[in-house]
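Engineer: coordinates for the following, if possible.
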Amino acid sequence: MIDTRKPDYLGHRKRIKEKYEKSGLHGWPDYEVLELVLSYAIARKDTKCIARELLGKFKTLNGVLDADSKDLQSINGISKHSALFFKLLKDISVLYMEKGLHNRDLLSSPQGVCDYLKVALKGLSDEEFCMLFLDGRNQLIEIETLKTGTVNRAVVFPRKIVERALYHHAVSVIVAHNHPSGALEPSAEDKDITRSIKNALKTVDIALLDHVIIGGNGFFSFKEKNIGIE
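Structural biologist: Take a look at the predicted model:
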């Protein structure tokens, strides 16, 4: 006799989607959020066990979204397709935050800038250095990543920064980079780089508004701490 019963996970998928439709994600544990996400990336499979395995290795939802694609694929049930889907979710969140910076006076909205930088740079395994180019109204023109460094350092060339700032006709610039170690305190090299960038931009009448370091769950602002920014 042929068993025509539908697998249990099909009913569970339906219920979890109905739950989301009814009340959103507020109050959901991370494993249920991952179950829902995985239901859109993995067909014909129970995603509950996969979600729990992901959390067992990466601890939190943020840890999963920040994880390297190869590390994600080390989990049984996570294919290249599924790992790419997680990367897409993270990149969409970064893009969403970036779009929110446009048409705003960023000099009077420092928290918005730092919130964007935390989403964009937190969790990266390598150091990345980026610049936000601003116009005369302190509104965002463009964001560029100038250098992806090694695990423990990023080499930044002030001349290149000046070149890109002039290309975008920027009046001022905010620079930022991450510390993969999670440390927030600037190193001696960070302070030297900030001084060099500021002096280089000053030669073409472009202001350096801030240098932000992203580490762990927080940020360090050179301007806020009155270090090297005038």
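
Engineer: list the contacts for the residue lying closest to Leu61 once chain neighbours are set aside?
Structural biologist: Among residues not flanking Leu61 along the chain, Asp30 sits closest, at 4.3 Å (CB to CB, 6 or more residues apart in numbering). Bear in mind the C-beta positions are built from the backbone N, C-alpha and C, glycine included. For Asp30, the contacting residues are Leu55, Thr60, Leu61, by CB atoms under 8 Å, 6 or more residues apart in numbering.

Engineer: how about a cut-off of 10 Å?
Structural biologist: Residues in contact with Asp30 (CB atoms under 10 Å, 6 or more residues apart in numbering) are Ala51, Arg52, Leu54, Leu55, Phe58, Lys59, Thr60, Leu61, Asn62, Gly63, Val64.

Engineer: most neighbours of all those residues, which one?
Structural biologist: Counting neighbours by other CB atoms under 10 Å, Leu54 comes out on top of these with 27 neighbours.

Engineer: what pLDDT is listed against it?
Structural biologist: If you check Leu54, the pLDDT there is 97.

Engineer: in what helix or strand does it lie?
Structural biologist: Element membership for Leu54 (DSSP states H and E) is helix 48-58.

Engineer: part of a strand, is Glu21?
Structural biologist: No. Counting by DSSP: H, G, I helix; E, B strand; the rest coil, Glu21 falls outside a strand, being helix.

Engineer: for burial, what's the neighbour tally of it?
Structural biologist: Neighbours of Glu21 (other CB under 10 Å): 8.

Engineer: and if you look at Lys17?
Structural biologist: Neighbours of Lys17 (other CB under 10 Å): 13.

Engineer: what do you get for Cys130?
Structural biologist: Burial of Cys130 is recorded as 20 neighbouring residues (other CB under 10 Å).

Engineer: would you confirm that it contacts Leu121?
Structural biologist: Yes. The pair Cys130 / Leu121 is scored as a contact, 7.3 Å apart, by CB atoms under 10 Å.
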